[in-house]
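> no sequence for this one, just the structure:
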């Protein structure tokens, strides 16, 4: 009899630990929030149209531009002898929308320490994924190592 009670006590501990671990699974942040945080960090470091518009001012020195925007993709000299820098960036964005997944737990102890019961169920929904690409081309023209003129073009498709 003592051995039977010992087995039930260990089983109850196992069931309790199992349910605690199941509930802790809900504490993990959804991948959507993790991806949004990564995209926010990438946006701080990447070349964007807003960053170009806020940063570039005629008369800026080349080293100031490199500190703000990074190194250009290409450096050339045009027919008028002006140094030309070209920034050409392509970004692919993938967004996924998923219906919320859920786990349903029903459990209880029946009759003191003599028995236990429980049920676990889960549900999930469909997902939808969209992909878009963005391009940004920035052309800078310099005279005497200072920004003389600049143009930019941004597209999304």
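Arrived safely, thanks for sending. Note that this is a predicted model, so its numbers are computed, not measured. Residues are numbered from 1 along each chain as shown.

> remind me which residues of the chain are low pLDDT?
Within the chain, the stretches with pLDDT under 70 are 1-45, 99-125.

> all the strands of it, in order from the start?
With DSSP state E as the criterion, the chain has strands at 74-77, 83-98, 102-110, 115-123, 127-143, 146-156.

> reformat those strands as TSV; add distance to residue 66 and mean neighbour count.
Every residue, glycine included, has its C-beta placed from N, CA and C. Putting those into TSV (distance: least, C-beta to C-beta, whole Å; neighbours: other C-beta atoms under 10 Å) gives the following:
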stretch	distance to residue 66	mean neighbour count
strand 74-77	11	11
strand 83-98	9	14
strand 102-110	50	11
strand 115-123	52	11
strand 127-143	11	14
strand 146-156	12	13
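
> got those strands as TSV, with distance to residue 60 columns?
Formatted as TSV, the strands of the chain follow (distance: least, C-beta to C-beta, whole Å):
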stretch	distance to residue 60
strand 74-77	16
strand 83-98	12
strand 102-110	54
strand 115-123	56
strand 127-143	9
strand 146-156	4
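
> wait, residue 83 sits on residue 141?
Yes - the criterion here is C-beta atoms under 8 Å, and residue 83 meets it with residue 141 at 7.4 Å.

> hang on, the earlier thing: out of the strands of the chain, nearest to residue 48?
Among the strands of the chain, the nearest to residue 48 by C-beta to C-beta is strand 127-143 (7.2 Å).

> packing partners of that closest one?
Other elements packing on strand 127-143 under the criterion 3 or more C-beta pairs under 8 Å, 6 or more residues apart in numbering; DSSP states H and E are helix 49-55, helix 62-69, strand 83-98, strand 146-156.

> any idea how far residue 131 is from residue 97?
13 Å (C-beta to C-beta, to the nearest Å).

> I meant residue 56, not that one.
30 Å.

> now do residue 93
From residue 93 to residue 131 the distance is 7 Å (C-beta to C-beta).

> is it true that residue 59 touches residue 144?
No - using C-beta under 8 Å, residue 59 is not in contact with residue 144; the gap is 10.3 Å.

> hey, what's the nearest residue to residue 87 once chain neighbours are set aside bridged with?
Distances taken as C-beta to C-beta, 6 or more residues apart in numbering put residue 138 closest to residue 87, at 4.1 Å, once the chain neighbours are dropped. The partner list for residue 138 in beta bridges (DSSP bridges) reads residue 87, residue 152.
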